[in-house]
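Trainee: Sequence first, predicted coordinates after that:
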Amino acid sequence: MELVIKDIKSAEDMKLFTGLAARLGLKTAKLTIEEKEDIGLAIAIEKGRRSGYAAENIVMKTLHKIQGKK
């Protein structure tokens, strides 16, 4: 199983994307802000695990990027 995450800005694009996914037999799900934060944190942790260090600014930048810069 593969996972693709796409941040879609407009309702029109969301409708188009989910319609195409449905035609292709793919599942879609809308993530909450908390779920986006969790994914960003998991990515930062994984990068840190591989490199041995995850700088605070990189973690925060990733979280802000995922949150859409609240």
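Mentor: Thanks, I have it.

Trainee: drop to CA atoms for contacts and neighbour counts, all remaining ones
Mentor: Fine.

Trainee: Test for you: state the pLDDT assigned to residue 28.
Mentor: Residue-level confidence at residue 28 comes out at 92, pLDDT.

Trainee: Could you find the closest non-adjacent residue to it?
Mentor: In this structure, residue 28 finds its nearest non-sequential neighbour in residue 18, 6.7 Å apart by CA to CA, 6 or more residues apart in numbering.

Trainee: Quick one: residues in contact with whatever helix or strand the one you found lives in.
Mentor: Using DSSP states H and E, the element containing residue 18 is helix 11-23. Here helix 11-23 makes contact (CA atoms under 8 Å, 6 or more residues apart in numbering) with 8, 27-28.

Trainee: Buried residues of it, list them for me.
Mentor: Using 16 or more other CA atoms under 10 Å as the test for burial, helix 11-23 gives no buried residues.

Trainee: Just the pLDDT for residue 19.
Mentor: 95.

Trainee: Also the one 5 residues further on?
Mentor: Looking at residue 24, its pLDDT stands at 95.

Trainee: Relative to residue 5, how far out is it?
Mentor: Relative to residue 5, residue 24 is positioned 16 Å away (CA to CA, to the nearest Å).
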